[in-house]
Every structure is written in C-alpha cells, then in structure tokens.
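1. Sequence first, then the predicted structure, then my questions.
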Amino acid sequence: MTGPSTVQASEPDVVPEFAYRRVTRRFRSEADQEFVALNDVDLEIESGSFVCFIGPSGCGKTTLLNMSAGLLPASGGSIHFRGEKLKKVNTSVGFITQHDNLLPWRTVEKNIGIALEIQKVPRKERRRRVAEVIDLVGLTGFAQRFPSQLSGGMQKRASLARGLVYEPSTLLMDEPFGALDAQLRLNMQNELLRIWERDRKTIIFVTHDLDEAILLADRIVVFGTRPGRVVHVEDVPLARPRDLAELRLDPAYGEIWERLWKLLDHSSPAEEKS
Ligand SMILES: Nc1ncnc2c1ncn2[C@@H]1O[C@H](COP(=O)(O)OP(=O)(O)OP(=O)(O)O)[C@@H](O)[C@H]1O
C-alpha cells in the first residue's frame with residue numbers, strides 16, 4: 001500500500017511546522033557529474049508530532065534535515081517553517097546529529113551550556129537551565145565530569161541535553177541512538193518519549209531501525225533511492241505510552257512492520273540494480 005507522499009495537516013487552517021513543496025536537492029559527484037540526491041519532496045509535518053524518516057542509506061534523509069535546519073539551500077522547491085519560507089539558518093530548531101561532538105576539555109555542565117553562553121544568557125539563569133536539563137535526561141550528579149569520564153549512553157544523554165537546553169520547540173535528530181547497544185538504546189528511546197510527552201515538541205527523527213520508528217512515531221516517512229524521494233507515509237495509530245516488548249505482540253504493530261519492511265526492501269539500492 002503506497003500512500004501519497006503529501007501529508008495534509010489534520011485541520012486545514014493549522015499552519016504546519018514544516019511544509020516541503022516540491023523540494024529537490026542536487027549535488028555534484030566526485031566525477032563532477034550532477035546528480036539528484038532528493039527529488040520533489042512534498043510533505044507536511046504537523047506541530048507537536050513525532051515523525052520518523054526511514055529509508056536506505058543515501059536516500060537523502062540527512063540532506064532533508066540539513067535543509068530543514070537552514071544549513072543547506074534547496075536546489076528547487078521551497079521549505080516553509082511555521083508558514084515562513086526558510087531562507088537562512090533555522091535558529092528555532094535543535095539539531096542532534098549521529099556524533100556527540102562533545103568538547104573533551106569542557107565538563108558536562110559547560111558542554112550543555114555552550115549555546116546559552118553564546119547567546120549571552122546571564123550566568124545564574126544559565127546554571128538554572130543547565131541543571132534543569134541535566135535532571136531531565138537523568139545525569140544528575142555528573143555535571144562536573146568530563147565526556148571521557150562518561151559511558152556512551154551518558155554522552156548521548158549529555159548531547160540530548162545540549163540540544164534541549166535552549167528550549168527549541170522543534171528537534172531534528174539524525175540517528176541519535178544508532179551507535180548505542182540495545183539496552184542503552186531502549187533507555188534513551190524511553191527518555192525521549194517521556195520528554196516528548198511532557199513538552200510535545202515537534203520531533204523529526206531519522207533512523208534505519210524499523211522497530212525504533214514504529215515505537216516512537218506518530219507518522220513514518222519512508223524514503224527510496226535513485227533518486228532520493230518519499231515513497232510512502234504511514235500513520236502509526238498505536239496507543240501511547242508504548243512499550244516495545246508489548247507492542248511486538250500487537251497484530252496492528254505486525255501489520256505496519258510488514259508493510260514498511262516490504263517497502264524498504266523494494267527501495268533498497270541493491271534491489272533497484274537487479
Ligand atoms: N555535500 C555533499 N556533496 C555531494 N554529495 C552529497 C553531499 N551531501 C550528501 N551527498 C550525497 O547525497 C546523497 C544523500 O545523502 P544523505 O546523507 O542525505 O543520505 P541519507 O539517507 O541520510 O544516508 P545515511 O542513511 O547513510 O545517513 C548521497 O548520495 C550522498 O553521497
């Protein structure tokens with residue numbers, strides 16, 4: 001069942017968080033050939049929703065996130081953020097990438113507070129906000145540690161806290177838990193869901209993991225390759241709060257999983273070649 005690539009906000013007069021209109025991005029390859037990395041993306045992301053982007057490697061998921069953050073212009077089409085055409089860096093979003101990028105010479109507290117320092121938020125206010133997010137991600141007691149003194153999961157928590165501290169209403173997350181082992185990953189997913197259920201930020205979350213996408217998302221956008229494009233949008237009407245162990249027993253979960261798995265299979269580069 002391949003649905004339309006355009007997702008309408010449920011109420012027509014509500015301005016979506018992001019509206020992508022025929023967004024195309026071209027790059028030059030190493031051989032100096034121009035190629036289309038992302039073709040004709042038509043999509044709307046509702047405010048307060050949790051949306052996952054899933055698809056094979058190289059289908060343009062990161063490219064679309066970079067464009068949503070205003071870090072990369074579109075080659076064609078337009079992106080509107082809350083009704084305004086995006087023309088420069090989108091300072092309303094928090095961007096959490098695959099790599100932690102924590103600065104090794106700064107403590108957890110100072111790593112998390114860096115954006116507030118740049119914004120010249122007064123010291124007292126800064127300390128209060130940093131302490132609050134440290135608590136929120138479960139790092140209480142670790143504020144004075146350096147990144148090398150933290151476990152991998154704690155480093156992820158610290159980078160999540162850094163993305164949350166300046167209170168963006170929107171989070172763009174590019175495979176943030178990809179490198180974690182299964183147990184840590186589950187903990188971080190639960191942590192993120194808890195934060196999202198509390199604040200209802202809009203979250204766009206890129207993942208390769210179908211279970212992760214179904215566990216987290218209200219809506220899953222499936223990308224295909226050659227050229228990168230949206231091939232399907234799936235609503236995930238499963239009740240919340242969700243527990244992966246329980247979800248897996250739910251026939252509705254199985255139906256969504258199988259439908260998306262087939263789509264992902266068909267859009268893999270290996271299959272397209274054959
Ligand atoms: N700055 C760039 N210059 C040239 N090509 C690029 C650039 N950025 C991305 N690409 C190419 O565009 C295509 C899409 O890349 P992108 O990183 O968006 O894919 P992705 O779906 O996020 O992949 P992955 O899941 O592996 O992270 C790839 O072929 C990639 O090599």
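-> The structure has been received and is ready for your questions.
2. which helix is the longest one in this structure?
-> Identified as the longest helix of the chain according to DSSP state H is helix 182-199.
3. Which strands and helices lie in contact with the next helix or strand after it?
-> Once helix 182-199 ends, the next helix or strand along the chain (criterion: DSSP states H and E) is strand 202-207. Judged by 3 or more Cβ pairs under 8 Å, 6 or more residues apart in numbering; DSSP states H and E, strand 202-207 is in contact with strand 50-54, helix 61-68, strand 170-174, helix 210-216. Placement of C-beta: from N, CA and C, glycine included.
4. mind listing what the third one pairs with, with the direction of each?
-> Strand partners for strand 170-174, identified by DSSP bridges, are recorded as strand 93-96 (parallel), strand 202-207 (parallel).
5. how about it against the ligand, any contact?
-> No: judged by Cβ under 6 Å from any ligand atom, strand 170-174 and the ligand are separated, with a smallest distance of 7.3 Å.
6. Same check on the longest one?
-> Yes: counting by Cβ under 6 Å from any ligand atom, the ligand has neighbours in helix 61-68: 61-63.
7. Most neighbours among the residues you listed, which one?
-> residue 61 (24 neighbours; other Cβ atoms under 10 Å).
8. Is the most centrally placed residue in the chain bridged to anything, and to what?
-> Nearest residue to the geometric centre of the chain (Cα atoms, centre = their mean): residue 205, 2.2 Å. Beta-bridge partners of residue 205, counted by DSSP bridges, are residue 52, residue 173.
9. Let me see the contact set for it.
-> Residues near residue 205 by Cβ atoms under 8 Å, 6 or more residues apart in numbering: 50-53, 171, 173, 176, 213, 216-217.
10. Report the separation between it and residue 120.
-> According to Cβ to Cβ, to the nearest Å, residue 205 and residue 120 sit 31 Å apart.
11. Over to residue 239?
-> 44 Å.
12. likewise residue 72?
-> Relative to residue 120, and taking Cβ to Cβ, residue 72 is found at 28 Å.
13. Between these two, tell me which one has more neighbours.
-> residue 72 (15 against 7).
14. now that one, what's its secondary structure?
-> Of the three states, residue 72 takes coil under DSSP: H, G, I helix; E, B strand; the rest coil.
15. In this model residue 25 seems to touch it, though I could be wrong.
-> Yes: Residue 72 is within contact range of residue 25, at 7.1 Å (criterion: Cβ atoms under 8 Å).
16. Please state the offset of stretch 28-37 from the chain centre?
-> 26 Å (Cα atoms, centre = their mean, to the nearest Å).
17. what does that stretch rub up against?
-> Contacts for stretch 28-37 (Cβ under 8 Å, 6+ apart): 24-27, 60, 63, 227-228.
18. just stretch 210-218 next, same as before
-> In contact with stretch 210-218 (Cβ under 8 Å, 6+ apart) are residues 46, 49-52, 54, 177, 185, 189, 192-193, 203, 205, 207, 220, 235-236, 238, 242, 244, 247-248, 253, 256-257, 260-261, 264.
19. Buried only: go through those residues for me.
-> 46, 49-52, 54, 177, 185, 189, 192-193, 203, 205, 207, 220, 236, 242, 247, 253, 256-257, 260, 264 (16 or more other Cβ atoms under 10 Å).
20. show me where the stretch 101-250 of the chain has helices.
-> Assigned by DSSP state H, counting those that start in this stretch, the helices in the stretch 101-250 of the chain fall at 108-112, 114-118, 123-136, 152-164, 182-199, 210-216, 244-247.
21. Which neighbouring elements make contact with the last one?
-> Translated: helix 244-247. Helix 244-247 packs on helix 210-216, going by 3+ Cβ pairs under 8 Å, 6+ apart.
22. again, but for the second one
-> Applying 3+ Cβ pairs under 8 Å, 6+ apart, one finds that helix 114-118 contacts helix 123-136.
23. Now do the helix it packs on: distance to the chain's middle.
-> That offset, for helix 123-136, works out to 24 Å (Cα atoms, centre = their mean).
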